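[1] here is my input; please provide its structure:
(one chain, ligands or ions: 2)
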Amino acid sequence: MIHSDNDDFFEDSGYIKIDRYNQERTTKIASHYKEILNEIGEDTSRDGLLKTPERYAKALQFLTHGYDLNAEEILRSAMFEEEYSQMVIVKDIEVYSLCEHHIIPFFGKAHIAYIPNGHIVGLSKIPRIVDVFARRLQVQERLTNEIRDCIQNTLNPAGVAVVLECKHMCMSMRGIQKQNSVTTTSAFTGEFANDRTRSEFLRLIAADLYK
Ligand SMILES: Nc1nc2c(ncn2[C@@H]2O[C@H](COP(=O)(O)OP(=O)(O)OP(=O)(O)O)[C@@H](O)[C@H]2O)c(=O)[nH]1
Ligand SMILES: [Zn+2]
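    Numbers count the residues shown, from 1 in each chain. Ligands and ions are numbered 1, 2, ... in the order given. Reported below is the predicted structural model:
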C-alpha cells in the first residue's frame, strides 16, 4: 500500500490530500543522500545501493509526513455531541518518531485520556493525531505537550492526560549505549490536576485487562 511507485501514502488519511512523494523533493533528497553514502566510503554504483538514495528520500518523506497534516482538523472531523462525562482512555498507542538532535528513531507507547464536556471524539482520531505530531522531527517533551494542547484546544474537554513511554535509539545504539532505559513524559490539563482523577488514570493505564 505504501510502497508502490506513484504512492500516495496518505490515501488512508482520506480527507487530507497531500503529495509528499513530490518528485522534485525526492530527486533533491536522493542526490544529497547519495553524496552522504559516498562520503562514508560506500560505492553507490553497486547493485544493492543503486536505488537506495531514492528509497531513503521516500522513507524520510514518510517519516516526516506529519508536517503536512492538520491535527485539529482531524479531530474536528469526528466530534459528536454526547452526554458521557466519564474518563475516556485510549492506551498503548504505538509511537514512532525521530529525535531532532540525531535524526534517529525513538519509539514506544502513548496513553491518552480526556473527560468529555459535551462532545466526544471518534476514537481512531486520537492515534491519528499522535501520528501527526510524531511524524516530524521531535523531542519527546514537545510531542507530549502538542498532543495535550491539540485535544484541549479542539475538543474543550474537562481535562486531558497524556503519558508517553519511549526508548530513544540515540541512547541505545550510539552515545551512552544504555539498552533498557525508558523515558516517561506526561502532560495534564483541567480535572487531571486533581490527585484522585490523575491516580485513576494512572491506575487504568497500568492495568493489564486484555493481556
Ligand atoms: N530532552 C530530550 N533530550 C533528547 C531527546 N532525544 C534525544 N535527546 C538528547 O539530546 C541531547 C543532545 O545532546 P548533545 O550533547 O548536543 O549531543 P551528543 O553529543 O550526541 O550527546 P550524547 O547523546 O550524550 O552522545 C542528548 O543528551 C540526547 O540524549 C528528547 O526527546 N528529549
Ligand atoms: Zn537523539
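[2] rest of the way, CA atoms for contacts and neighbours
    Will do.
[3] near ligand 1, anything from stretch 142-159?
    No. Judged by C-alpha under 6 Å from any ligand atom, stretch 142-159 stays clear of ligand 1, getting no closer than 7.9 Å.
[4] quick one: buried residues of that stretch?
    Within stretch 142-159, the residues that qualify as buried by neighbour count (16 or more other C-alpha atoms under 10 Å) are 143-152, 155-159.
[5] quick check: the two most widely separated of those residues?
    Taking C-alpha to C-alpha, the two most distant members of the buried residues of stretch 142-159 are Leu143 and Ala158; they sit 21.1 Å apart.
[6] how close does the residue nearest in space to the middle of the chain get to Tyr67?
    The residue lying closest to the centre of the chain (C-alpha atoms, centre = their mean) is Ala134, at 2.4 Å. Distance of Ala134 to Tyr67, given as C-alpha to C-alpha, to the nearest Å: 10 Å.
[7] next one: Ile29
    17 Å.
[8] what does Ile126 give?
    With distances taken as C-alpha to C-alpha, Ile126 is found 17 Å from Tyr67.
[9] which one's more surrounded, these two?
    For Ile126 and Tyr67, the more surrounded residue by other C-alpha atoms under 10 Å is Ile126, and the numbers stand at 22 against 16.
[10] got the confidence number for the more buried one?
    The score at Ile126 is 98. That number is its pLDDT.
[11] quick check: which element contains it?
    helix 125-134 (DSSP states H and E).
[12] can you tell me the SS state at Phe201?
    helix (DSSP: H, G, I helix; E, B strand; the rest coil).
[13] enumerate every residue touching it.
    Contacts for Phe201 were tallied using C-alpha atoms under 8 Å, 6 or more residues apart in numbering; they are Ile89, Ala113, Ala161.
[14] any idea how far Pro53 is from ligand 1?
    Computed with C-alpha to the nearest ligand atom, to the nearest Å, the distance linking Pro53 and ligand 1 is 24 Å.
[15] can you report phi and psi for that residue?
    Torsion angles at Pro53 (phi, psi; degrees, to the nearest 10) stand at phi -60, psi -40.
[16] which residue does the protein have closest to ligand 1?
    Across the chain, no residue is closer to ligand 1 than Val139, which sits at 3.2 Å (C-alpha to the nearest ligand atom).
[17] that residue against Tyr96, yeah?
    No. When contacts are counted by C-alpha atoms under 8 Å, Val139 is not listed as touching Tyr96 (11.8 Å).
[18] comparing those two, which residue is more hemmed in?
    For Val139 against Tyr96, the residue with the higher neighbour count under other C-alpha under 10 Å is Tyr96, and the figures read 19 against 15.
[19] quick one: secondary structure of the closest residue in space to the more buried one that isn't next to it in sequence?
    Across the structure, with C-alpha to C-alpha, 6 or more residues apart in numbering as the measure, the residue nearest Tyr96 apart from its sequence neighbours is Phe107 (4.5 Å). Remark: Phe107 carries the secondary structure label strand [criterion: three-state DSSP].
[20] let's number from 21 now, not from 1
    Taking 21 as the first residue, the last one we looked at is Phe127.
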